[in-house]
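Colleague: based on what follows, work out the 3D shape:
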Amino acid sequence: MRTTWIKIAAIAAAALLPALASAGPTLDTIKQKGVLRCGVNTGLLGFSAPDAQGKWTGIDADFCKAVAAAILGDANKVQFVPTNAQNRFTALQSGEVDMLSRNTTWTSSRDSTLGSVFAGTLFYDGQGFMVKKASKITKASQLNGATVCVQPGTTTELNLSDYLRVKKMTFKPVVIAELNQIEQAFFAGRCDVYTTDISGLASTRLKAPNKDDYLILPDAISKEPLGPMLRRGDWEFYTIVKWVLFGLLEAEESGVTQANVDKLKGESKEPPIQRLVGTSGDVGKGMGLDNDWLVRAVKAVGNYGEMYTRNIGPLGIARGQNALWKDDGLMYAPPLR
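Modeller: Okay, the predicted model is just below:
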């Protein structure tokens with residue numbers, strides 16, 4: 001009987017091998033096409049927005065470049081696909097994009113019902129409110145009866161309703177899908193208040209005719225962990241994206257930067273840095289990559305701190321929760337070994 005069960009177990013294990021061997025269609029497609037299709041925002045300063053020359057910048061855009069550098073060896077091999085709050089999940093599910101790096105909040109329902117999975121948190125945020133200073137509103141408790149601009153299909157819309165209902169306040173929503181349209185509606189006075197992630201409010205404020213005319217209220221009414229989103233079941237690609245994020249955090253913690261990564265690769269005797277730059281260990285092999293995968297990512301965009309300073313710094317948002325754990329933040333990478 002024992003022999004029979006061993007044979008059955010062996011047959012079952014063998015049956016799984018083709019599935020495991022063929023896992024990772026997204027990674028295969030990226031390598032075959034030589035390009036990473038990355039779903040991004042339509043134009044959110046600091047996160048993903050094209051400049052006057054059409055070059056995409058922002059921390060979300062930079063993360064796409066880091067993943068492309070790790071997999072394809074070239075940070076420029078990214079096709080940026082603008083998506084709005086309503087069509088972003090369809091773009092991912094349909095295969096129009098390989099991943100979303102688009103200020104998308106990690107929630108239980110999105111992680112379990114959309115055929116998707118989050119690879120980590122790239123930016124910790126919270127929902128807030130912005131008003132005109134002339135309104136004399138200085139805190140969220142004064143929003144009763146306000147007209148509020150909000151985007152549909154977002155956690156923002158749900159949080160707004162929950163918050164004001166609990167506080168027994170009424171409001172009139174002005175629901176607009178496209179980012180540039182909702183910003184213009186707010187600036188034109190179609191609503192008293194604009195609500196979204198606090199980072200998004202800071203980005204929008206920079207576009208105002210006079211940014212000093214607007215106030216971001218001090219209240220944060222939710223937790224909004226924003227991160228890259230992938231199709232569920234593509235575990236090879238998931239592992240790479242997750243460890244690119246962790247690797248950029250580890251690079252900051254270890255003092256590995258865009259400027260010194262080549263020097264440290266040739267000179268460092270510290271085991272953690274040697275593993276990071278690929279001169280020791282075999283981390284890349286387990287992901288189907290060579291050992292320079294993280295060196296290429298850091299050379300392309302810098303470490304996490306460099307990405308933050310370059311992209312989020314101009315918004316005037318301090319590191320706060322997005323600081324490394326050793327600096328009292330929430331950013332923490334598992335060991336790279």
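Colleague: where exactly do the helices run in the stretch 201-337 of the chain?
Modeller: In chain order, the stretch 201-337 of the chain shows helices spanning 235-254, 261-267, 271-277, 293-301, 304-311, with DSSP state H, counting those that start in this stretch as the criterion.
Colleague: quick one: closest of those helices to K31.
Modeller: Closest to K31 of those is helix 235-254 (CB to CB; 10.4 Å). C-beta here means a position set from N, CA and C on the backbone, and glycine is covered the same way.
Colleague: average pLDDT for the closest one?
Modeller: When pLDDT is averaged over helix 235-254, the result is 97.
Colleague: now that helix, how far from the centre of its chain.
Modeller: When C-alpha coordinates are averaged (CA atoms, centre = their mean, to the nearest Å), helix 235-254 and its chain have centres 13 Å apart.
Colleague: got it, and stretch 55-75?
Modeller: Relative to the chain's own centre, stretch 55-75 is displaced by 12 Å; criterion: CA atoms, centre = their mean.
Colleague: in this protein, where is pLDDT below threshold?
Modeller: Scanning the chain for pLDDT under 70 picks out 1-23.
Colleague: how does it divide into domains?
Modeller: Per the record, the chain has its domains at 23-124+226-318, 127-222, by automatic domain parsing.
Colleague: now do the contacts for the nearest residue to K326 once chain neighbours are set aside.
Modeller: What sits nearest to K326 in space, not counting adjacent residues and going by CB to CB, 6 or more residues apart in numbering, is E253, at 7.0 Å. Contacts for E253 (CB atoms under 8 Å, 6 or more residues apart in numbering) come out as 324, 326, 333.
Colleague: quick one: the helices in the stretch 51-200 of the chain?
Modeller: Taking DSSP H, counting those that start in this stretch as the criterion, the stretch 51-200 of the chain carries its helices at 59-72, 88-93, 108-112, 155-166, 179-187, 198-206.
Colleague: so which of the ones you listed is the most surrounded?
Modeller: Mean neighbours per residue, mean count of other CB atoms under 10 Å, is largest over the helices of the stretch 51-200 of the chain for helix 59-72, with a mean of 27.
Colleague: between that helix and helix 198-206, how big is the angle?
Modeller: For the pair helix 59-72 and helix 198-206, the angle between their directions (axes from the mean of the first three to the mean of the last three CA atoms, to 10 degrees) equals 120 degrees.
Colleague: mind exporting helix 59-72 as PDB, just the C-alpha atoms?
Modeller: Written as PDB, here are the backbone C-alpha positions of helix 59-72 (Å, rounded to 0.1, in the frame of the first residue of the first chain):
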ATOM      1  CA  ILE A  59       8.500  57.700  -8.600                       C
ATOM      2  CA  ASP A  60       6.000  55.300 -10.200                       C
ATOM      3  CA  ALA A  61       7.600  55.900 -13.700                       C
ATOM      4  CA  ASP A  62      11.100  55.400 -12.200                       C
ATOM      5  CA  PHE A  63      10.000  52.100 -10.700                       C
ATOM      6  CA  CYS A  64       8.900  50.900 -14.100                       C
ATOM      7  CA  LYS A  65      12.400  51.900 -15.400                       C
ATOM      8  CA  ALA A  66      14.100  50.000 -12.600                       C
ATOM      9  CA  VAL A  67      12.100  46.800 -13.400                       C
ATOM     10  CA  ALA A  68      13.000  47.100 -17.100                       C
ATOM     11  CA  ALA A  69      16.600  47.600 -16.300                       C
ATOM     12  CA  ALA A  70      16.700  44.500 -14.100                       C
ATOM     13  CA  ILE A  71      15.000  42.300 -16.700                       C
ATOM     14  CA  LEU A  72      15.900  43.800 -20.100                       C
END
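Colleague: helices or strands next to that helix in the packing?
Modeller: Using 3 or more CB pairs under 8 Å, 6 or more residues apart in numbering; DSSP states H and E as the contact test, the elements touching helix 59-72 are helix 25-33, strand 36-40, strand 78-82, helix 235-254, helix 293-301, helix 304-311.
Colleague: quick one, that helix and strand 78-82 angle?
Modeller: Using the same axes, to 10 degrees, helix 59-72 lies at 150 degrees relative to strand 78-82.
Colleague: quick one: A318 and K168, what's the gap?
Modeller: Distance check for A318 against K168: by CB to CB, to the nearest Å, it reads 33 Å.
Colleague: try K65
Modeller: K65 sits 47 Å away from K168, taking CB to CB as the criterion.
Colleague: before we move on, what about A52?
Modeller: In this structure, A52 and K168 are 47 Å apart, going by CB to CB.
Colleague: contacts only, for the spatially most central residue of the chain.
Modeller: When CA atoms, centre = their mean is applied to the chain, the residue found nearest the centroid is G227 (3.2 Å). Shown in contact with G227 (CB under 8 Å, 6+ apart): 104, 106, 118-123, 245.
Colleague: angles on the backbone of it, please.
Modeller: Backbone dihedrals for G227, given as degrees, to the nearest 10, come out at phi -160, psi 170.
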